[in-house]
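S.K.: Dropping a prediction and its sequence here:
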Amino acid sequence: MDERRRIPFSRWLALFLIIGVPVALVVWLACLGDYIAPPVAWGLGAALLGVIGLFTLWHTHVAWGVLRRTDEILGREHRVGADWDALTMLGELGATVERLRQTLLDEKGQVALQSTTADAILNALPDSILLLDSRRQIARANFSARKFFGNDMIGRDLSAALRHPAVLDAADAVLAGETGLVAADFSLPVPDGRSFSLRVVALPAAREDMAAVLALHDVTALRRAEKMRADFVANASHELRTPLASLVGFIETLLGPARDDEPARTRFLGIMREQAARMSRLIHDLLSLSQIEMREHDHPADPVALGPLLRDTAAALEPQAKARNMRIDLQLDDSLPPVRGARDELMQVFQNLIDNGLKYGRADSPVEVRLSRIGPDWLEVAIRDHGEGIPREHLPRLTERFYRVDSARSRDLGGTGLGLAIVKHIINRHRGRLVIDSEPGQGSTFAVRLPLTGRG
């Protein structure tokens, strides 16, 4: 017999005697008192002793096995002494069971702590995490997932939260036994058009209530940034290609048919100078926009008085105003406090906006520049022209790169399509706001609101 299963004879005999002797004594006394006939007493005694023997054998075997097993669970060497009697072994069995109970309680506490820690880690993740059971129902979800899909999805099928075929196919494949990571990309057109990268993997110790984990990484901002970069490169290439093509064409003409044509050469060189200047302005604006975008989250905090700055800006643009028989009408209040910002960048903002007012306003009309206070925390510079105005449907897109309401007119006036984009990013860097209001035939107003130095 295996040593681990062998029951010491002495322990069995001790237990047998403890129980058997009193029983035998009772039968013997009953026989002496003539309550039981001797043959019956002998038979009854033998039967009872046999039953007691089997009972004590089984009891000792169970106690011995339980002690060995509990010691193994507790990681201890088997400590049952060879000289232990039955009562000692039973007492040790009770103590061991109590230690086992306490150990299980401690382990249960550790499991609860680990579960709480895992929940905290999952809730701290920015990605949406869903835990699925074997029936594809959502068993658990972290904070990000509940925020996006709602709290009522627990216990429901995955399709109740995400009906996209790519998601359901990936989850079904993993739950059907596919090993490894299953990945997919998909987009949700509603409510606001978002793109996700999906990862589904089976849990290593799969249970009925926890079979797979599904992670959703929101790549909407990345996809939009990629599209913006692609559009930017395409638009910039287009804007540069047109003047370059003109330059190449005029150079070939000057080297060929117009080689000795003085009037044509003079006219072509003038056009080439304009196209070169246009490319120079475009490159300058591209570099300015790139630099401003790099610094957009670095908010300047120097105090800047807007009254003197607007006067300097108007003086620099006075020749352009006179060329169109226009004037810049300043309505300034020098008692207003300064704003937080970078003076050169703010001058660039107001120079662009006043310059646009001069370009698109009617000849002989003023461009009005008004500085005023809006509430306790903001100053506003409103620049109004008296031009043809802008249809309402174009207003939300005016600050997009290369967006033009009238492309031909904008190019004729020397615009690069980047001026208002630069204005928007500078204002964002200053934690300000740009408000545009326009009606066809009524002119346009571009209002720049900037926080005061004491705000925040």
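M.R.: Cool, the structure landed.

S.K.: Quick check: pLDDT value at Ile18.
M.R.: With respect to pLDDT, Ile18 has a value of 63.

S.K.: quick one: secondary structure of Asp298?
M.R.: coil (DSSP: H, G, I helix; E, B strand; the rest coil).

S.K.: Give me the pLDDT for it.
M.R.: Looking at Asp298, the pLDDT reads 74.

S.K.: before we move on, what about Arg273?
M.R.: Value for Arg273, per-residue pLDDT: 83.

S.K.: do the one 4 residues further on as well
M.R.: Looking at Ala277, its pLDDT reads 79.

S.K.: cool, and Leu336?
M.R.: So Leu336 comes in at 91 (pLDDT).

S.K.: swap in Ser288?
M.R.: 75.

S.K.: OK, contacts around the nearest residue to it once chain neighbours are set aside?
M.R.: Using CB to CB, 6 or more residues apart in numbering and skipping residues adjacent in sequence, the residue nearest Ser288 is Ile422, 5.7 Å away. For the C-beta atoms, the positions are set from N, CA and C on the backbone; glycine is no exception. Applying CB atoms under 8 Å, 6 or more residues apart in numbering to Ile422 gives the contacts Asp285, Ser288, Leu289, Ile292, Gln348, Val349, Asn352.

S.K.: Regarding this structure, what is its longest strand?
M.R.: Assignment by DSSP state E gives strand 194-207 as the longest strand of the chain.

S.K.: Direction included, what does it pair against?
M.R.: strand 182-188 (antiparallel), strand 210-218 (antiparallel) (DSSP bridges).

S.K.: Pop the domain breakdown of the chain in here.
M.R.: 9-103, 125-218, 223-294, 302-451 (automatic domain parsing).

S.K.: Which pLDDT value goes with Asp355?
M.R.: For Asp355, the predicted pLDDT is 89.

S.K.: list the contacts for it?
M.R.: Taking CB under 8 Å, 6+ apart, one finds Leu317, Gln320, Gly419 in contact with Asp355.

S.K.: The last one contacts His284, correct?
M.R.: Spelled out, that is Gly419. No. Applying CB atoms under 8 Å, one finds Gly419 not in contact with His284, separated by 11.3 Å.

S.K.: Neighbour count for these two, which is higher?
M.R.: Ranked by neighbour count (other CB atoms under 10 Å), Gly419 and His284 place Gly419 first, with 24 against 12.

S.K.: picking that back up, okay, the longest strand of the chain in PDB with CA atoms only?
M.R.: Extracted C-alpha coordinates of strand 194-207, given in PDB (Å, rounded to 0.1, in the frame of the first residue of the first chain):
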ATOM      1  CA  ARG A 194     -15.700  58.100 -35.000                       C
ATOM      2  CA  SER A 195     -13.100  55.600 -36.000                       C
ATOM      3  CA  PHE A 196     -11.800  52.700 -33.800                       C
ATOM      4  CA  SER A 197      -9.100  50.100 -33.800                       C
ATOM      5  CA  LEU A 198     -10.500  46.800 -32.400                       C
ATOM      6  CA  ARG A 199      -8.600  44.100 -30.600                       C
ATOM      7  CA  VAL A 200     -10.200  40.800 -29.300                       C
ATOM      8  CA  VAL A 201      -8.400  38.000 -27.400                       C
ATOM      9  CA  ALA A 202      -9.500  35.000 -25.500                       C
ATOM     10  CA  LEU A 203      -8.800  34.900 -21.800                       C
ATOM     11  CA  PRO A 204      -6.200  32.300 -20.900                       C
ATOM     12  CA  ALA A 205      -8.300  30.700 -18.200                       C
ATOM     13  CA  ALA A 206     -11.700  30.900 -19.900                       C
ATOM     14  CA  ARG A 207     -14.700  30.600 -17.700                       C
END
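
S.K.: Redo the strands paired with strand 194-207 as TSV? Include mean neighbour count and mean pLDDT.
M.R.: Formatted as TSV, these follow (neighbours: other CB atoms under 10 Å; pLDDT from 0 to 100):
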stretch	mean neighbour count	mean pLDDT
strand 182-188	15	87
strand 210-218	19	88
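
S.K.: Out of the ones you listed, which is closest to Leu247?
M.R.: Each of the strands paired with strand 194-207 has some distance to Leu247 by CB to CB; the shortest is strand 182-188, at 42.4 Å.

S.K.: What sits closest to Leu198 if chain neighbours are left out?
M.R.: Per CB to CB, 6+ apart, closest to Leu198 is Ala184, 4.6 Å.

S.K.: CA atoms of stretch 297-305 as CSV?
M.R.: Taking Å, rounded to 0.1, in the frame of the first residue of the first chain, the C-alpha atoms of stretch 297-305 are listed here in CSV:
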residue,chain,number,x,y,z
HIS,A,297,-0.3,75.0,-26.4
ASP,A,298,2.3,77.3,-25.1
HIS,A,299,0.1,80.2,-23.9
PRO,A,300,1.9,83.6,-23.8
ALA,A,301,1.4,85.7,-20.7
ASP,A,302,3.0,89.1,-21.3
PRO,A,303,0.8,92.1,-20.8
VAL,A,304,-0.1,93.8,-24.1
ALA,A,305,-1.9,97.1,-24.4
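
S.K.: And the contacts of it?
M.R.: By CB under 8 Å, 6+ apart, stretch 297-305 touches 334, 338-343, 345-346, 429-431, 453.

S.K.: and with 6 Å instead?
M.R.: Stretch 297-305 is contacted by residues Pro338, Val339, Arg340, Gly341, Ala342, Arg343, Leu346, Arg431, Thr453 when judged by CB atoms under 6 Å, 6 or more residues apart in numbering.

S.K.: I appreciate the help and will end here.
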